[in-house]
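>>> model the structure of this input:
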Amino acid sequence: MKLVCSQSELNSALQLVSRAVAVRPTHPVLANVLLTADAGTGKLSLTGFDLNLGIQTSINASIETSGAITLPSKLFGEIISKLSIDSPITLAVDENISQVHLSSKNSTYQVRSMSAEDFPELPIVENSVSLKVNALNFANALKSTLFASSADEAKQVLTGVNLNFKGTSLKAAATDGHRLAVLKLDDVISIANDNKNDFNDSIELTLPSKSLRELEKFLSNCNSTTEINFFYDQGQVVFISSDQIVTTRTLDGSYPNYNQLIPDDFSHELELDRKNFISALERITVLAEQHNNVVKIATNKESQILSISADAQDLGSGSESIPIKYLDDDVQIAFNSKYLLEGLKIIQTDSILLKFNAPTTPAIFTPSNKDLNFIYLVMPVQIRS
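The predicted structure follows:
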């Protein structure tokens, strides 16, 4: 294998695929990236795969001899990143001693390689359900829910995002048991299979948050018209967009029926400015994070003011006030300030609604624009009077 390629393009591709390289590999080759050169297409393909998450991308290259080889991801990536951006990189494989020669301007390096035959193949999903999803809409669905997934591996299925595809709609949800984020998007899916003209069946699956975070990163860079191909079959999902492929396994287990957690009616509803609320919370959280992150909010119907307070025991206390629109009986409720801030920063509208029934029952935050189908549910913190 011998080729010449751009330093900047190779460096960018390596940074992308290295996200799927195993941190603690069960086999030495899983710490490597796979390089496959095709003289016929003039493409150099790079692949990282930790057996759960796989990322593949390709760049243009002047290929003299086709071939495939694997190289240590960390070492290879660090060398390429420091080579001159003004000079192309020549890469040549010496198969007799399992070594790759790299040269650029005044730099020459040799890196030990491993056979491409030892590298696991990315899963291929044949006879699968095939859909097309708008890239930016899908990225928005992931960004709006990923933050609420659990980081506790013991919770298994809660460490992912639940995706439900039905007709042309996509519904994404994530929960860690303390809060829940749900976003529904209509008219974002088209059916890729010719035999799926009347696609009304629901496809529900839960994908690992780690995989979806990497997917969301590169989808966010797509333009507004880009569509990604989505293939699903027997516990395996493949996303394809132009020269990039992301593959991931689904999480086993049934996702909780989160719809039953969302109340149909509420006895308390207030409208407030999202940015004002976030600013006040960020200031009061300086105290709240000194003692269990709890903030109390209390309504004042007469003055149309919401009071936000925190007490850090022997360290101090503080309060903030912001204007609201509120017509119900006055009430006090407490929340984890970290949960509030993470969810509020996802909502994009200036005006939001806070709805709840009692200080001990689920509360939800939604955009005041009812056309935006986003719900952020947070369980209050019980406080003693």
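
>>> mind listing what's buried in stretch 167-175?
With burial defined by 16 or more other CB atoms under 10 Å, the residues of stretch 167-175 counted as buried are 170-175. Just so you know, the C-beta spots here come from the backbone N, C-alpha and C atoms, and that holds for glycine as well.

>>> same check on stretch 358-378?
Of the residues in stretch 358-378, those buried by neighbour count under the rule 16+ other CB under 10 Å are 359, 362-367, 374-378.

>>> CSV please, covering those residues and showing secondary structure.
Listed next are these as CSV, based on DSSP: H, G, I helix; E, B strand; the rest coil:
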residue, secondary structure
Pro359, coil
Pro362, coil
Ala363, strand
Ile364, strand
Phe365, strand
Thr366, strand
Pro367, strand
Phe374, strand
Ile375, strand
Tyr376, strand
Leu377, strand
Val378, strand
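
>>> in CSV: the buried residues of stretch 167-175, plus distance to Ile278.
Supplementary listing: the buried residues of stretch 167-175 in CSV, determined by distance: CB to CB, whole Å:
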residue, distance to Ile278
Leu170, 27
Lys171, 26
Ala172, 23
Ala173, 23
Ala174, 21
Thr175, 22
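
>>> and the strands in the stretch 1-150 of the chain?
2-5, 32-38, 43-49, 53-60, 62-65, 67-72, 89-94, 99-104, 107-112, 129-134 (DSSP state E, counting those that start in this stretch).

>>> what's in contact with the fourth one?
Yep, that's strand 53-60 we're talking about. Outside of strand 53-60, the residues within contact range by CB atoms under 8 Å, 6 or more residues apart in numbering are 5-6, 9-10, 13, 16-17, 19-20, 42-49, 122-123, 208, 210-211, 214, 243-248.

>>> which SS state does Glu282 fall under?
Counting by three-state DSSP, the backbone at Glu282 sits in helix.

>>> against Val4, how distant is it?
Look at Glu282 and Val4: by CB to CB, to the nearest Å, they are 51 Å apart.

>>> among those two, which residue is more densely surrounded?
Val4 (16 against 12; other CB atoms under 10 Å).

>>> any chance of the buried residues of stretch 167-175 in a markdown table, plus pLDDT?
Converted to a markdown table, these look like this (pLDDT from 0 to 100):
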| residue | pLDDT |
| --- | --- |
| Leu170 | 94 |
| Lys171 | 96 |
| Ala172 | 97 |
| Ala173 | 98 |
| Ala174 | 98 |
| Thr175 | 97 |
